[in-house]
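Novice: Have a look at this prediction, sequence included:
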Amino acid sequence: MMSRPFLGVSACLLISAHLMAQTPGDSLYLSFDDATDDLVLDSIYPAGCWQVGTPSKPVFSGAFSPGRALVTDTLLPYPDSSVTCYAEFTLVATAPNYLGRGIRYMQRRDMDSTTVASIEVRYPWGTWDPFYVGFEQEVVVDGVPHPHDGTGVHWTGASSGWEEVVLLSGCYYVIWDPGNDGAEWYADTMHVRFAFTSSGNPDARDGWMIDDLRAGVSPCTGGLEEAADRDLLLVPNPAKDRVELDLSGPFSWAAWSSDGRSQASGRVTGVDPVLDVSQWPSGSYVLLVQQGGTTHRTRLYVVH
């Protein structure tokens, strides 16, 4: 088996995560270039598989932004044995109404069909589970929603270049117990890890590379029953110029990007429930609509 030297660059950047509690508008950044980034990796294990450094490989010849990236080895092909490698970080929110998570990063893939790249999440009381595409968890790759296959978010094979990946996780893990005086429990801490599983390396591929990670939070009202509102119809969705809401009567609205930044807000008082999204950047947005005593929360995609 090929000897795999461990590059010390990764060790110097693996310090305790900055557990800065986030509110909407706070966007934590992990560039892999600067130890003073708002967000850093908690751990990489086993040692030597994931590395933080300057990539110098046949396909992975440079990071997305000049400098370092997170790579399945910066010099050698990915592990030529059966192994699963993890790179983990932690997000902390402030309160139940700030538990909508958004994670955005750039990735490149050069893998064979037997290797899997996936995302896993864990809350303080739980075990590691796949990040699913489905109820209140969504993934967008280059502006296109990732298909739901019921097995979690994963990739095999090779990409044609850099891909922008957005992971969206809603507020369904806020638990309300009416039998206990309406008590609420919520996970203010969310652990996330990149999992790379190799069953061999017959083709000497470069593996998986990740760069320029941003993480934010978006507001939600909390409660298991108050996840994304499937009854609020948006047409079209994805939208390019205008989106029509299936509502009658006046309502107020606000939208946040997937990294927690406020995009726009307003109030519709006429009979035409239409929002102009022509100037919004392509991406996924949390749309909060309030009408009377009812609050709708759903996901809007903008693709130009």
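Specialist: Yes, it's here. Computed from a prediction, not measured in an experiment: that's the story for all the values here. Residues are numbered from 1 along each chain as shown.
Novice: Can you measure across stretch 35-42, start residue to end residue?
Specialist: Distance between the two ends of stretch 35-42: 12 Å, counting by C-alpha to C-alpha, to the nearest Å.
Novice: And stretch 264-284, by the same measure?
Specialist: End-to-end distance (C-alpha to C-alpha), stretch 264-284: 13 Å.
Novice: With stretch 141-161 instead?
Specialist: Length of stretch 141-161, first residue to last, C-alpha to C-alpha: 12 Å.
Novice: mean confidence score for it?
Specialist: On average, the pLDDT along stretch 141-161 is 81.
Novice: neighbouring contacts of it?
Specialist: 59, 107-120, 129-134, 138-140, 163-167, 205, 238, 282-283, 301, 303 (C-beta atoms under 8 Å, 6 or more residues apart in numbering). (Each C-beta comes from the backbone N, C-alpha and C, glycine too.)
Novice: Narrow these to those in strands?
Specialist: Secondary structure defined by DSSP state E assigns 107-110, 116-120, 129-130, 138-140, 163-167, 283, 301 of those to strands.
Novice: how about the CA coordinates for stretch 106-123, as PDB?
Specialist: Presented in PDB, the C-alpha positions along stretch 106-123 are these (Å, rounded to 0.1, in the frame of the first residue of the first chain):
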ATOM      1  CA  MET A 106     -17.900  24.900  -3.300                       C
ATOM      2  CA  GLN A 107     -16.900  21.400  -4.300                       C
ATOM      3  CA  ARG A 108     -15.100  19.400  -6.900                       C
ATOM      4  CA  ARG A 109     -15.400  15.600  -7.400                       C
ATOM      5  CA  ASP A 110     -13.200  13.100  -9.100                       C
ATOM      6  CA  MET A 111     -14.200   9.700  -7.900                       C
ATOM      7  CA  ASP A 112     -15.000   6.300  -9.300                       C
ATOM      8  CA  SER A 113     -18.400   4.600  -9.000                       C
ATOM      9  CA  THR A 114     -17.500   2.700  -5.900                       C
ATOM     10  CA  THR A 115     -16.800   5.800  -3.800                       C
ATOM     11  CA  VAL A 116     -19.400   8.000  -2.000                       C
ATOM     12  CA  ALA A 117     -19.200  11.600  -0.900                       C
ATOM     13  CA  SER A 118     -22.000  12.500   1.600                       C
ATOM     14  CA  ILE A 119     -23.200  14.900   4.300                       C
ATOM     15  CA  GLU A 120     -24.200  13.800   7.800                       C
ATOM     16  CA  VAL A 121     -25.700  15.800  10.700                       C
ATOM     17  CA  ARG A 122     -26.100  15.200  14.400                       C
ATOM     18  CA  TYR A 123     -27.900  17.000  17.200                       C
END
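Novice: mean confidence score for that stretch?
Specialist: 89.
Novice: now it, how far from the chain's geometric center?
Specialist: 13 Å (C-alpha atoms, centre = their mean, to the nearest Å).
Novice: where do the strands sit along the stretch 1-150 of the chain?
Specialist: Applying DSSP state E, counting those that start in this stretch to the stretch 1-150 of the chain gives strands spanning 27-30, 43-45, 51-53, 69-71, 82-92, 100-110, 116-122, 129-130, 137-141, 144-145.
Novice: Show me the one of the ones you listed that comes nearest Asp37.
Specialist: strand 27-30 (5.2 Å; C-beta to C-beta).
Novice: That closest one - contacts with which helices or strands?
Specialist: Applying 3 or more C-beta pairs under 8 Å, 6 or more residues apart in numbering; DSSP states H and E, one finds that strand 27-30 contacts strand 207-218.
Novice: Next secondary structure after the strand it packs on?
Specialist: Remark: after strand 207-218, the chain's next helix or strand is strand 234-235, criterion DSSP states H and E.
Novice: Which strands border the helix or strand following that following strand, and is each parallel or antiparallel?
Specialist: Going down the chain from strand 234-235, the next helix or strand is strand 242-245, by DSSP H and E. Paired strands of strand 242-245, with direction, are strand 234-235 (antiparallel), strand 274-276 (antiparallel) (DSSP bridges).
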